[in-house]
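Engineer: Got a predicted model here, sequence first, then my questions.
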Amino acid sequence: MGAEAVLQDPRFETIKPNFAFALHNLPGLPLGQVLIRPGTFNCASRGMIVKLSGTTAHAAQPETGQSSAAAMSDCIQKFPTLPPGTVPSDETAFATVVGAQLGKKAFGTAPGEAEIWATLRSEKDATMAKLTQYVEQMVHDAAAKNGLTVTIAYQDVFPATVNSVEAVKQIQEVVDDAALSVPEKPLRWSEDLGRITASCEGALFAIGAGTDRPDLHNPDYDFPDALILPAKDIFLGLIASYLN
């Protein structure tokens, strides 16, 4: 979350790097195993906030208002389902509804307002543009069908994290072959290192936290301190490689 602030800091120009590296621990991967691939390593993502606005009415006469319930239900059902042709068939891209709110707990009032919160994800930034355009059009169509106005905003916007071939090669040279693994597809979660690697060569890699550890963001997750030393050794190896 801090990459944008780093890039905007005027002092960044004085230390603008040639290479940038970062790691993320990954439960489900054997402890210390390193996951790395050239090209997209993490998906692009953006948080979408949809506000549907109609007019409230007495619950005994809902037809006298413009309820947002039908449009909200329509959008929630359609968000996860993308029609063929929206994105390339060989690329991961999808929308996840993470929350919604309709009206208030007032049993005498039919709702006028609704909000939907969703996360859009794609392997490539160009695909994210197409995905965003499709979802926005779908929302506007649902609003128009039900006589509503709509506003759309975004937060937590992250570009795809793209690993350069040279940076990946450097990591492969300092990590033992037995500890290396190359995934076929990019990881679905997103990271803001992509903002930095857009301005220099670099790579993000994952290091296994153990196959029996709860997933990230699980309330039972606990970072394994055993990763600190091997992770340190990788970064020191990269520094020594470039200094030499």
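Structural biologist: Ah, there it is. Numbering: from 1, shown residues only.

Engineer: What residues sit buried inside stretch 168-186?
Structural biologist: 168, 170-172, 174-175, 186 (16 or more other C-beta atoms under 10 Å). Quick note: C-beta positions are derived from backbone N, CA and C, even for glycine.

Engineer: how long is that stretch end to end?
Structural biologist: One end of stretch 168-186 to the other measures 14 Å (C-alpha to C-alpha, to the nearest Å).

Engineer: on that earlier part again, give me the subset of the buried residues of stretch 168-186 lying in helices.
Structural biologist: Cross-referencing the buried residues of stretch 168-186 against helices under DSSP state H gives 168, 170-172, 174.

Engineer: Tell me the one of those nearest residue 54?
Structural biologist: Using C-beta to C-beta, residue 168 comes nearest to residue 54 of those, at 51.2 Å.

Engineer: need the contact list for the closest one.
Structural biologist: 36-38, 203 (C-beta atoms under 8 Å, 6 or more residues apart in numbering).

Engineer: out of those residues, who has the most neighbours?
Structural biologist: With neighbours taken as other C-beta atoms under 10 Å, the top of the contacts of residue 168 is residue 203, carrying 28 neighbours.

Engineer: Please settle this for me: is that residue part of a helix?
Structural biologist: No. Using DSSP: H, G, I helix; E, B strand; the rest coil, the secondary structure at residue 203 is strand, not a helix.

Engineer: export the ones in helices among the buried residues of stretch 168-186 to a markdown table and tack on distance to residue 63 and pLDDT?
Structural biologist: Formatted as a markdown table, these follow (distance: C-beta to C-beta, whole Å; pLDDT from 0 to 100):
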| residue | distance to residue 63 | pLDDT |
| --- | --- | --- |
| 168 | 61 | 94 |
| 170 | 66 | 92 |
| 171 | 63 | 93 |
| 172 | 66 | 92 |
| 174 | 69 | 91 |
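
Engineer: any idea which of these is the one closest to residue 195?
Structural biologist: For these, the nearest to residue 195 is residue 168 (18.7 Å; C-beta to C-beta).

Engineer: And the average pLDDT for stretch 185-204 is what?
Structural biologist: Average pLDDT, stretch 185-204: 89.

Engineer: distance of the closest residue to residue 192 other than its chain neighbours from residue 240?
Structural biologist: Nearest residue to residue 192 in three dimensions, chain neighbours excluded: residue 3, at 3.8 Å (C-beta to C-beta, 6 or more residues apart in numbering). Using C-beta to C-beta, to the nearest Å, residue 3 is found at 25 Å from residue 240.

Engineer: neighbour-wise, which of these two wins?
Structural biologist: Neighbour totals were compared for residue 3 and residue 240, and residue 3 leads with 19 against 10 (other C-beta under 10 Å).

Engineer: residues of the lengthiest helix in the chain that come out buried?
Structural biologist: Using DSSP H, we find that the single longest helix of the chain is helix 125-145. By neighbour count on 16+ other C-beta under 10 Å, the buried set for helix 125-145 is 127-128, 130-132, 134-135, 138-139, 142-143.
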